[in-house]
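S.K.: sequence plus the predicted model coming up.
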Amino acid sequence: MNITLTTKIADAGSIYKKYAPRLEKLGIFTFEDFLYHTPSRYDDFSQITKIGEAENGKAVSIRGTVLSMTNTYTRSRMVIQKAVVTDGTGTVDVTWFNQPFLTRQIKTNDIISLAGTIEQTGVKRTMLSPEFEILVNEEQDTIHTTGLVPVYHTTQGISSKWVRRQVHMLLKDFFFHHSEELKATSESTAQQDSGHHSSPETAQTRATILHDHLPESVRQQYNFIDLQSALQKIHFPNDYEEIGKAKERLAFDELFLLQLQSLHRRHIWKESIQTQALSIDQKKIDQLVGALPFQLTDAQKRAVTTIFQDLQQTKPMNRLLQGDVGSGKTIVATIAMYIAVLNNKQAVLMAPTEILAEQHYKSIKNLLDPLGVKIELVTGSTKRIKNTKSRIKEKTKQTSHNSSFIIHHSNVLIGTHALLYSKADFSNAGLVVIDEQQRFGVEQRAIIREKGNNPHILTMTATPIPRTMALTVYGDLDVSYLDQMPQGRKYIKTWLVPPEKREGAYEWMQKQITETDSQAFIICPFIEESENMQTIKAAKVEYERLQKDIFPNLRLGLLHGKMKAKEKDDVLVEFKDKKYDILVATPVVEVGIDIRNATIILIEASERFGLSQLHQLRGRVGRGDKQSYCLLFTESQNSETITRLKAMETLHEGAKLAELDLKLRGSGDLYGTMQSGYRMLKIASFSDVHLIEKARASARNVYNKIDEFPDLKNLIIEKTKKKISQD
């Protein structure tokens, strides 16, 4: 078969097929992925020295001749490999452990290159488990033992040395030699990794298939190196300056292509799709706003104004409303939904869980029911409506006739995200609101278009992320920020509690719960104890300890991610109904649940959470009128960790905490709450604001004349299709 960069690893012959499942764990699916699996760090073996001149304890690269190579067996059945190597200036004793096959690879009189640390005791020099390569001659180039040697992220059965060899073959052979030669070369990988490397001498040359998609004008503007050079230098650099230039080019590419995809999706949405413009009845909106028991913040007013402008267009709104817990996103969404109703259109709100859907149902019903708006709650398997004094449990499954009747005859329909994949017909929907669906992407919006007549879409999130990050992640959306809290909202008092004050904190909690008739959360990072993390508090074990030893007179509940959805909902409902004084939980409570009587949240092992996630957890309390508190526990003595956690005591805005976390810890920490672990960037960083701005500006300029770059246009179309399939 003809192997190209887009060929899947699993389709490239028996050897690669064997490795394919392991490589997929590293995000390597095609040969192109090999090239973009960039090093995590470099071992510096740039100091090539003679054995007799090597300094004690220094990492060096040496070359010499093997005088002897033997296996030695110990009484404990360990096999030790011992070699003696000389270069004329001295000798070094080399030792490896439990690799008996090395005696078949390293033989007497072989020329060998070694990289590692030399230890000297008197006149005796030794090296333990160094990297090695067998050379044809002393002038031969090496990739494992000389210079800045790339080290890669690996998984079981895939070594950094193996990845290094594959990348080296791709860069050196694949672009210029016949693909069948590469296949043959790959099947001798084990021999190559031991140092016996034979380059294909008779392979048929061919032109490179690595196309540099970056327009020459952009490359010259920022003085970027070409793509092939960048890939060569990121993997096998001559010095650290080359690494810097290569990373800058590849990081820019990643951001540039991401922005182009966003612009393309925005173009499809704005230019290719039409919807019905909604008119604004300002008098009736003023009546709704005037009846509120509070005044809208300036941020809410700005968001409402912008949303009104969107709704009056024939291009469907595609907007993200971002704001902290308690900033008033729901009332903004409710006003927008009322506009749809006033235009004889249906408004649909989807929440991630049944209990959150119920919360929205209650609050929105209180606002719109007096105005004659018919509101219905429909969830996937159960319909449960929480009244102020009683709970009505209805039939577990409704008939399709009843469900259809509710869906078609309600002005406002509220349910879970399951509505999207149900038989619900949104043909009369004028507005769809999605709450806390972080990966609600292109495919889901396409489903909404298919179910309805291209309704306007408003997505809401309380996830605190930096604005530069939001512009990149949600580049195809218009973004509104609620960066003000309603007047009179009390800040949650937050303290980093030292270990010696733990018992005192427990006593204070018990007193607070008892005297003020309040409730508390205790958050543990894991469900069960791990052998590798025995000091980290686990929810199940901590629940039992707290109930037995610390709070025997209080009622404790347990909530964790391994519970079924209905079990979790039941526990939360019982907690809300005050059947528990304390809920011991994993971070599964992070999103959206409204327990107005909860005033304390204690977070164990708080150093394991990012500031953004801590802020979201903190938002589980402070929803009522009582003063609320957040206690952060940590056993860490690291000064940087303590400084980072202390920021929670003084900063109460999610955006500021997210910016600080981005600065201190990088963007990886933010993915968990935003993208369910999905790493959007492999090389670039969201903390590189200047590079992001360059990429955004360049992407806008290029997309305005994208037809001048047909190859780049096709690439963006293909990547957008791939993105849709992943969503």
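M.R.: Good, I have the coordinates.
S.K.: going by C-alpha atoms from here, please, whenever you check contacts or count neighbours.
M.R.: Fine.
S.K.: dump the residue contacts of residue 131.
M.R.: Contacts here follow CA atoms under 8 Å, 6 or more residues apart in numbering; on that basis residue 131 touches 114-116, 144-145.
S.K.: quick one: mean pLDDT for stretch 481-488?
M.R.: Averaging pLDDT along stretch 481-488 gives 83.
S.K.: what's the span of it, first residue to last?
M.R.: Start and end residues of stretch 481-488 are separated by 20 Å (CA to CA, to the nearest Å).
S.K.: now, the contacts of residue 131 that are in strands?
M.R.: Cross-referencing the contacts of residue 131 against strands under DSSP state E gives 114-116.
S.K.: before we move on, back to that, any quick ChimeraX command for the buried ones out of the contacts of residue 131?
M.R.: If you want just the buried ones from those in ChimeraX, going by 16 or more other CA atoms under 10 Å, the selection is:
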select :114,115,116,144,145
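S.K.: and the contacts of residue 131, which two are furthest apart?
M.R.: 116 and 144 (10.8 Å; CA to CA).
S.K.: helix or strand right after the longest strand belonging to the chain?
M.R.: Longest strand in the chain, counting residues (DSSP E): strand 59-73. Downstream of strand 59-73, the first helix or strand assigned by DSSP states H and E is strand 79-86.
S.K.: what segments of the stretch 551-700 of the chain are strands?
M.R.: Taking DSSP state E, counting those that start in this stretch as the criterion, the stretch 551-700 of the chain contains strands spanning 556-559, 582-585, 598-603, 629-633.
S.K.: for residue 291, find the nearest of the ones you listed.
M.R.: Distance to residue 291, taken as CA to CA, is lowest for strand 598-603 among the strands of the stretch 551-700 of the chain, at 27.8 Å.
S.K.: could you chop this structure up by domain?
M.R.: Following automatic domain parsing, the chain resolves into domains at 9-40+153-209, 44-149, 282-312+328-461, 493-651.
S.K.: just the terminal-to-terminal distance for the third one.
M.R.: End-to-end distance for domain 282-312+328-461: 27 Å, by CA to CA.
S.K.: pLDDT score assigned to the closest residue to residue 436 other than its chain neighbours?
M.R.: Of all residues beyond its chain neighbours, the one nearest residue 436 is residue 461 (4.8 Å), with distances taken as CA to CA, 6 or more residues apart in numbering. Note for residue 461: predicted pLDDT of 86.
S.K.: do I have it right that residue 461 meets residue 327?
M.R.: No - with contact defined as CA atoms under 8 Å, residue 461 and residue 327 do not form a contacting pair (11.0 Å).
S.K.: top helix in this structure by residue count?
M.R.: helix 240-272 (DSSP state H).
S.K.: so which elements touch that one?
M.R.: Judged by 3 or more CA pairs under 8 Å, 6 or more residues apart in numbering; DSSP states H and E, the packing partners of helix 240-272 are helix 227-235, helix 467-473, helix 689-703, helix 710-726.
S.K.: what angle sits between it and helix 227-235?
M.R.: Computed by axes from the mean of the first three to the mean of the last three CA atoms, to 10 degrees, the angle separating helix 240-272 from helix 227-235 equals 130 degrees.
S.K.: which SSE is immediately downstream of helix 240-272?
M.R.: Once the chain leaves helix 240-272, the following helix or strand, as judged by DSSP H and E, is helix 282-290.
S.K.: pull the residues that contact that following helix.
M.R.: 295-296, 335, 338-339, 367.
S.K.: ok, stretch 74-83 next?
M.R.: In this structure, residues lying in contact with stretch 74-83 by CA under 8 Å, 6+ apart are 66-73, 93-100, 102-103.
S.K.: list the buried residues of that stretch.
M.R.: Buried residues in stretch 74-83, defined by neighbour count with 16+ other CA under 10 Å: 79-83.
S.K.: one more: stretch 712-723?
M.R.: Taking 16+ other CA under 10 Å as the neighbour-count basis, stretch 712-723 is seen to contain the buried residues 712-713, 716-717, 719-720.
S.K.: out of those residues, which is nearest to residue 433?
M.R.: Distance to residue 433, by CA to CA, is smallest for residue 720 among the buried residues of stretch 712-723, at 23.6 Å.
S.K.: was I right about the closest one contacting residue 263?
M.R.: No - taking CA under 8 Å as the definition, residue 720 is not a contact partner of residue 263, at 10.4 Å.
S.K.: tell me, how many residues neighbour the nearest residue to residue 487 once chain neighbours are set aside?
M.R.: Distances taken as CA to CA, 6+ apart place residue 297 nearest to residue 487, at 7.7 Å, with adjacent residues excluded. Residue crowding around residue 297 was assessed by other CA atoms under 10 Å; the count is 17.
S.K.: show the pLDDT at residue 297.
M.R.: For residue 297, the pLDDT comes out at 94.
S.K.: now do residue 672
M.R.: If you check residue 672, the pLDDT there is 41.
S.K.: and the one 10 residues further on, by the same measure?
M.R.: Each residue has a pLDDT score; the one for residue 682 is 82.
S.K.: with residue 202 instead?
M.R.: Per the predicted model, pLDDT is 30 at residue 202.
S.K.: any stretches of this structure with poor pLDDT?
M.R.: In the predicted model of the chain, residues 1-2, 173-209, 380-409, 437-446, 468, 527-537, 590-592, 666-680, 722-727 satisfy pLDDT under 70.
S.K.: which residue of it sits farthest from its center?
M.R.: Outermost residue of the chain with respect to the C-alpha centroid, by CA atoms, centre = their mean, is residue 88; its distance is 53.5 Å.
S.K.: so how far is residue 53 from that one?
M.R.: Residue 88 sits 11 Å away from residue 53 when distances are taken as CA to CA.
S.K.: picking that back up, for the ones in strands among the contacts of residue 131, give me TSV that also has distance to residue 474.
M.R.: Listed next are these as TSV, based on distance: CA to CA, whole Å:
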residue	distance to residue 474
114	49
115	46
116	46
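S.K.: between those residues, which sits nearest residue 575?
M.R.: Of all the ones in strands among the contacts of residue 131, the one with the least separation from residue 575 (CA to CA) is residue 116, at 58.7 Å.
S.K.: who touches the closest one in this structure?
M.R.: Counting by CA under 8 Å, 6+ apart, residue 116 has contacts 45, 59-61, 127-131.
S.K.: skipping its backbone neighbours, what lies nearest residue 661 in space?
M.R.: Once its chain neighbours are removed from consideration, residue 661 has its nearest residue in residue 611; the separation is 6.0 Å (CA to CA, 6+ apart).
S.K.: the one you found: neighbouring residues, count only.
M.R.: A total of 27 residues lie near residue 611 under the criterion other CA under 10 Å.
S.K.: so who does it touch?
M.R.: Residues touching residue 611, when contacts are defined by CA under 8 Å, 6+ apart, comprise 644-645, 648, 657-658, 661.
S.K.: and for residue 652?
M.R.: Going by CA under 8 Å, 6+ apart, residue 652 touches 491-492, 615.
S.K.: contacting residues for the residue nearest to residue 691 when sequence neighbours are not counted?
M.R.: In space, residue 691 comes closest to residue 252 once its chain neighbours are excluded; the distance is 6.5 Å by CA to CA, 6+ apart. When the contact criterion is CA under 8 Å, 6+ apart, the partners of residue 252 are 684, 691-692, 695.
S.K.: mind listing what the nearest residue to residue 379 once chain neighbours are set aside touches?
M.R.: When the adjacent residues along the chain are set aside, residue 379 lies closest to residue 415, with 5.0 Å between them (CA to CA, 6+ apart). For residue 415, the contact set (CA under 8 Å, 6+ apart) comprises 349-351, 354, 357-358, 377-380.
S.K.: which SS class is residue 415?
M.R.: Remark: residue 415 carries the secondary structure label strand [criterion: DSSP: H, G, I helix; E, B strand; the rest coil].
S.K.: now do the one 3 residues further on
M.R.: Three-state secondary structure (criterion: three-state DSSP) places residue 418 in helix.
S.K.: please report how far it lies from residue 451.
M.R.: Distance check for residue 418 against residue 451: by CA to CA, it reads 13 Å.
S.K.: correct me, but residue 71 touches residue 97?
M.R.: No - shown here, residue 71 and residue 97 do not form a contact pair, counting by CA under 8 Å, at 9.5 Å.
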